[in-house]
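Trainee: I would like the atomic coordinates for the input below:
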Amino acid sequence: MIADLDADFAQSTVGQLVIANFESLGIEVSATWASPLGSMIKWRRKTCAEYNEALGYFVPIPEEIRREPFVFVYTTGVDFVEKVLDQTVDDDLARLGQHFPGMKVIYMIEGLHAFLGKVSATAQRAFASRVQEALGGSQRRRKEPAKAASSKESEVMARLGAQFDTSRALELVDDALLGLQVVHRCHIFHSTIPPDSAEWIAIMTQDMSIMPYRAARVDVNESICMEAGQIKAGADHRGTFQNTLQQLKFFSPAMANSVVNEFKTIDKMMLALGSGGPDRLLRICSNRGRGIGKTLARNLHFAFTSKDPHALLQ
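Mentor: Next up is the predicted model:
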């Protein structure tokens, strides 16, 4: 993978952490790009193999660099709220649509929940102060001073307090987030601090790097999940044979154990099914004295002998 970072974003605290994480993962970094919004990342992929659907596996091709269909936008919670107040969120999305048509936009907003919590706490303190003043000086209680907010946070808080009440301000932010997801189809990630943001960006890039291989392993026309770990393997050949049999519907562990005791290996069972057909299984009884019925015998025979990959068991 090749990550193209905005030149200014690469010089920021988060950008430096992102570059360090990328280098530790072997991801190439290019920081010469001037993005339309700033604090953006786009990705490219070095491709030397391509999945051939007809053959069912990856075939080598001359190496080429392809653009990934994702573009990433990083912003802080304070900056996002400021854009909501300025009503420029939709303008930013329009610019992204012009520069990156057809690409999926990923938004990461750092510290939004913490900032909105400060806004609510400030409003509550102001309300409590007004109530105490109305009750008279004797009812006032001395409190510890609140932690000083940054100049940017104080400015945005002042704008929120001047234009809206707290509940209305929070509704505006929620509406903006919903608009990003519902109207513009953006993916939104929330982070807390710069190291957390950089870690999630690295995880996102790793997931992105294996997407073609995941897609090749999952056939959407089938109801079978091909991810590793879906079926437990046995400790030996016998255990694997028994677990394989139990994947058949209504095939209990006791029945599977009886079949394994009868044939020992899959190869011997295949020879018996080839010569005796489904009726060969009717003579097998489980440890509880229950035999394998005709439907289960037919399904087991069909599952192991059919050559039709699209056939379904009855």
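Trainee: going forward, measure contacts and count neighbours with C-alpha atoms only.
Mentor: OK.
Trainee: need the longest helix for the chain.
Mentor: Counting residues, the longest helix found in the chain (DSSP state H) is helix 112-135.
Trainee: Now do it: distance to the chain's middle.
Mentor: 36 Å (C-alpha atoms, centre = their mean, to the nearest Å).
Trainee: From the contact counts, what lies against that helix?
Mentor: Applying 3 or more C-alpha pairs under 8 Å, 6 or more residues apart in numbering; DSSP states H and E, one finds that helix 112-135 contacts helix 77-86, helix 166-178.
Trainee: Quick one: closest of the ones you listed to Val105.
Mentor: Among those, helix 166-178 comes nearest to Val105, with 13.3 Å by C-alpha to C-alpha.
Trainee: just checking, next helix/strand downstream of that closest one?
Mentor: Per DSSP states H and E, helix 166-178 leads on to strand 187-191 as the next helix or strand towards the C-terminus.
Trainee: between that following strand and helix 166-178, how big is the angle?
Mentor: Here strand 187-191 runs at an angle of 130 degrees relative to helix 166-178 (axes from the mean of the first three to the mean of the last three C-alpha atoms, to 10 degrees).
Trainee: now whichever helix or strand comes after strand 187-191 and strand 187-191, what's the angle there?
Mentor: Helices and strands here follow DSSP H and E; after strand 187-191, the next one along the chain is helix 194-209. Here helix 194-209 runs at an angle of 150 degrees relative to strand 187-191 (the same axes, to 10 degrees).
Trainee: Tell me the buried residues in helix 194-209?
Mentor: Under the neighbour-count criterion of 16 or more other C-alpha atoms under 10 Å, helix 194-209 has Pro194, Pro195, Ser197, Ala198, Glu199, Trp200, Ile201, Ala202, Thr205, Ser209 buried.
Trainee: returning to what we had before: would TSV of the helices and strands packed on helix 112-135 with mean neighbour count be doable?
Mentor: As requested, those are exported to TSV (neighbours: other C-alpha atoms under 10 Å):
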stretch	mean neighbour count
helix 77-86	19
helix 166-178	16
